[in-house]
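Participant: Just need the structure, nothing else, for what follows:
(one chain, ligands or ions: 1)
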Amino acid sequence: MAEEKLQFQAEVARVLDIVVHSLYSHKEIFLRELVSNASDACDKLRWMALTQPELTADDPGFRITLIPNKDAKTLTVADNGVGMNRDELIENLGTIARSGTGEFLRQLTGDSRKDVSLIGQFGVGFYSAFMVAQSVEVVTRRAGDAHGWRWTSDGTGSFTVAEAADAARGTRVVLHLKDEEHEFLEPFRLRHIVKTYSDHIAIPVQLKDGDAEPETLNEASALWTRSKDEITAEQYKEFYHHVAHTFDEPWLTLHTKAEGAIEYTSLLFVPTQKPFDLFQPDRKQHLRLYVNRVFITDDCEGLLPAWLRFVRGVVDSPDLPLNVSREMLQHNPLLKKIQNGLVNKLLGELKKKAADAPEDYARFWDVFGPVVKEGMYEDFERRDKITELVRFRTTHGEDLVSFEDYVGRMKEGQTHIYYITGDDRAAIAQSPLLEGYRAKGVEVLLLTDPIDEFWVANAPGYKDFGMKSVAAGGTDLAAIKGAEDDKAAEERKKDEAPREDLDSLVTLLKATLGTKVKDVRPSDRLTESPVCLVADEGDMPMHLERLLRAHKQKDDETPRVLEINPAHALIKHMAARATAGASPDLEDMAYLLLDQARIVEGEAPTDPVAFGKRLAKVMAKGIAA
Ligand SMILES: Nc1ncnc2c1ncn2[C@@H]1O[C@H](COP(=O)(O)OP(=O)(O)OP(=O)(O)O)[C@@H](O)[C@H]1O
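Facilitator: A predicted model of the protein is given here:
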């Protein structure tokens, strides 16, 4: 087949552009990326050979070979792994299939310093070869295929693919180094890079320098099988980078060996930074499962619950059957036992961190709290344990607060844990719905993660105290003895509009606003604002409805209860006027009050044009008066 010229996918072209033009300070990481790919390719073939031993019969020992050639100015990274056929070659080295790519590209700013740091977190994989090479040649043959393929590119928009009859099994990546990158031909430099970044690779990485005997550069034993005291923090970190494909520090490293009914070793990491795919709809977990050091899969659903999907690392068990399909493995009862062990270990460590290093825990919580809270919603078995880990921002300062902290400072007579939900913490902290609670010094949880609406609705609360939204139904503020002395409340009560006037205003507001509101009621939760909207008992919470509407899962709006503040000057004037009878002015004000309450809630006015006209009319009258 003749050589074909193909274009890179637009996303690849962009990534390549950044890689080539960025002043990446650690160019040597290209080697880590290529060795990592080579090791994955060997892992894949080893797994396939369990059921098709003929695939490796010709060359059974896996290895990765680095071949510097000073005459040709090339560095070759060769493996005898699974290789690629023509379609795989075009797909894998011409597109980016990684989840989170879209999100990553959206975040690029064009500012090369920021973009480089972002790309560092994202990982550029194979394309990092273009940091040091002016052109790259990939010769590959898929295990079991008769023919191989040659891919070439200079990293500027296109690549070529042609048949390569003489290709060996696996993949050979040949880098034609740029003039200023000839240091990567030096054996001492290569030794150092492999030792630093790829020592943990379980397959031998060999240096083949000219006619000399191949020299193995790495330890070549699976890191997790070594004993803890033989492993340095730096080695753990490099291993984390390898399995997690990210480049931050691990926030938590947990290396354990379980012995008993079922035996397994686990090396788990909690990242510091949020992985790009954390909120992808598939909620995939990423642990790599090995059976006796043979890589089986990194897509084993049963290994961890979805709410721990940010955890990275490996699990290796000699007790799992080696010779079964990945699908069958998923349903193996031993897997459930391993899951329980892993989750218990993680929950225990998180609890310890929360108690011993609260500031450090706060950093974790700010990044992964929204995911852990999914467990409150869907993992009933472990809900009690997760409850102990959950932290909140509240109306009482900036610190994170646990249920325990909250309950410990509840006011006398308080029987509920109060919360308010919304998109923005600063905005909800200003909500009129909090006025009555603030006046009494009652603490309210400020919940701003989308998942909050879902778990709080069914949460049993903590100890004997249920959860209650300040935006729903009536309040039980009267029963709470708060910081506000009773006098202030009494004064306000005295200052309220007379009962008959208030009744007239309520009647007028109901008649004017009709079905736009569910009811109109005097409020006991407002101290400063004239009005607010609340959800009637049993109705869908307002913030939840807004979320569902934003996701097109609901299109109608539930009418809400308009509460009026009987002690507010505006309400008192309106009440007095209402007793004298309805008027166009009062009707305008009725709409303006409703729209004002909607705006505070984050909703648009019912009819923005009419709202504008009414507001101008009322202001004109005010200024003329
Ligand atoms: N040496 C190799 N042998 C076989 N397949 C390879 C090899 N190198 C790369 N590939 C294929 O090309 C794909 C893309 O590689 P690339 O390094 O860009 O991304 P990745 O390995 O999937 O992710 P990462 O960004 O974490 O490295 C790989 O997923 C793999 O399927």
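
Participant: Could you list the low-confidence segments of the stretch 51-200 of the chain?
Facilitator: Along the stretch 51-200 of the chain, the parts satisfying pLDDT under 70 run over 97-100, 112-123.

Participant: And the residue of it at minimum distance from the ligand, how close does it get to residue 602?
Facilitator: The minimum distance from the stretch 51-200 of the chain to the ligand, using CB to the nearest ligand atom, falls at residue 125 (2.4 Å). Glycine gets a C-beta too; all of them are placed from N, C-alpha and C. Counting by CB to CB, to the nearest Å, the separation of residue 125 from residue 602 is 41 Å.

Participant: ok, now residue 276?
Facilitator: Following CB to CB, the distance that separates residue 276 from residue 602 is 29 Å.

Participant: Where does residue 103 sit, in terms of helix or strand?
Facilitator: In this structure, residue 103 is located in helix 101-107 according to DSSP states H and E.

Participant: And that helix, what's buried?
Facilitator: In terms of neighbour count (16 or more other CB atoms under 10 Å), helix 101-107 has its buried residues at 101, 104, 105.

Participant: Smallest gap between the stretch 301-450 of the chain and the ligand, at which residue?
Facilitator: residue 312 (11.8 Å).

Participant: Please work out how many residues are found near residue 273.
Facilitator: Neighbourhood size, residue 273 [other CB atoms under 10 Å]: 14.

Participant: Could you double-check that it lies in contact with residue 248?
Facilitator: Yes. Residue 273 is in contact with residue 248 according to CB atoms under 8 Å; the separation is 4.3 Å.

Participant: mean confidence for stretch 394-408?
Facilitator: Stretch 394-408 comes out with an average pLDDT of 95.

Participant: now what about it, what contacts it?
Facilitator: Under the contact criterion CB atoms under 8 Å, 6 or more residues apart in numbering, stretch 394-408 has outside partners 354, 358, 361-362, 365, 387-388, 390-393, 409, 417, 429, 434, 437-438, 443-446, 462-463, 465.

Participant: From those residues, pick out the ones that also neighbour the ligand.
Facilitator: Contacts with the ligand are made by none of those, judged by CB under 6 Å from any ligand atom.

Participant: Can you say which of those are buried?
Facilitator: Buried positions within those, assessed by neighbour count (16+ other CB under 10 Å), are 354, 361, 365, 387, 390-393, 417, 429, 434, 437-438, 443-446, 462, 465.

Participant: Give me the subset of those residues that lies in helices.
Facilitator: Residues from the buried ones among the contacts of stretch 394-408 lying in helices, with DSSP state H as the criterion: 354, 361, 365, 387, 429, 437, 438.

Participant: So for residue 276 and residue 602, which sits in the more crowded spot?
Facilitator: The neighbour comparison of residue 276 against residue 602 (other CB under 10 Å) goes to residue 276, with 21 against 15.

Participant: And what about that one, helix, strand or coil?
Facilitator: Classification of residue 276 by DSSP: H, G, I helix; E, B strand; the rest coil places it in coil.

Participant: my read: it touches residue 105, true?
Facilitator: No. With contact taken as CB under 8 Å, residue 276 and residue 105 are classed as non-touching, separated by 10.5 Å.

Participant: send the alpha carbons of stretch 435-452 over as PDB?
Facilitator: Only the C-alpha atoms of stretch 435-452 are listed here, as PDB (Å, rounded to 0.1, in the frame of the first residue of the first chain):
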ATOM      1  CA  GLU A 435     -32.300  37.100  58.600                       C
ATOM      2  CA  GLY A 436     -34.300  35.500  61.400                       C
ATOM      3  CA  TYR A 437     -31.600  32.900  62.000                       C
ATOM      4  CA  ARG A 438     -28.900  35.400  62.100                       C
ATOM      5  CA  ALA A 439     -30.800  37.600  64.500                       C
ATOM      6  CA  LYS A 440     -31.000  34.600  66.900                       C
ATOM      7  CA  GLY A 441     -27.400  33.500  66.300                       C
ATOM      8  CA  VAL A 442     -28.500  30.200  64.800                       C
ATOM      9  CA  GLU A 443     -25.800  28.700  62.500                       C
ATOM     10  CA  VAL A 444     -26.900  27.700  58.900                       C
ATOM     11  CA  LEU A 445     -25.000  25.400  56.600                       C
ATOM     12  CA  LEU A 446     -24.200  27.000  53.200                       C
ATOM     13  CA  LEU A 447     -24.500  24.300  50.600                       C
ATOM     14  CA  THR A 448     -23.400  25.200  47.100                       C
ATOM     15  CA  ASP A 449     -22.500  21.900  45.400                       C
ATOM     16  CA  PRO A 450     -25.100  20.600  42.900                       C
ATOM     17  CA  ILE A 451     -25.000  17.200  44.700                       C
ATOM     18  CA  ASP A 452     -26.100  18.800  48.000                       C
END
